[in-house]
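Engineer: Using only what follows, build the 3D model:
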Amino acid sequence: MQIELNNYPVAVLGAGTMGEGIAQTAASAGHPVMLYDVSQQQLETALENIAKRLERSVKKGKIIAEKRGQIL
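Structural biologist: Purely as a prediction, here's the structure:
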């Protein structure tokens, strides 16, 4: 079985704990991601949390800073 590698856009509805994790995972895999929530504050919080996790990954050497920028 051959797996096709396509970078299809991903829409995540809800920027809570699960939504931000799904958005980060999809973006890390190279997909363009649109994260939606009825609350602008929740969207801002989700982006801050994702940025913090990515920064920790950079500090631990798990990803390079350039990759972090691409994900965000």
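Engineer: Can you classify Ala11 by secondary structure?
Structural biologist: Of the three states, Ala11 takes strand under DSSP: H, G, I helix; E, B strand; the rest coil.
Engineer: which non-adjacent residue is nearest the residue most central in space within the chain?
Structural biologist: Residue closest to the average C-alpha location in the chain (CA atoms, centre = their mean): Gln24, at 2.0 Å. Ranked by CB to CB, 6 or more residues apart in numbering and with sequence neighbours excluded, the top spatial neighbour of Gln24 is Ile50, at 4.9 Å. C-beta here means a position set from N, CA and C on the backbone, and glycine is covered the same way.
Engineer: ok, residues contacting the host helix or strand of the residue nearest to the centre of the chain?
Structural biologist: Applying DSSP states H and E as the criterion places Gln24 in helix 17-28. Helix 17-28 has contacts (CB atoms under 8 Å, 6 or more residues apart in numbering) with 10, 12-13, 15, 33, 35, 37, 46-47, 49-50, 53-54, 71-72.
Engineer: No more questions from me, cheers.
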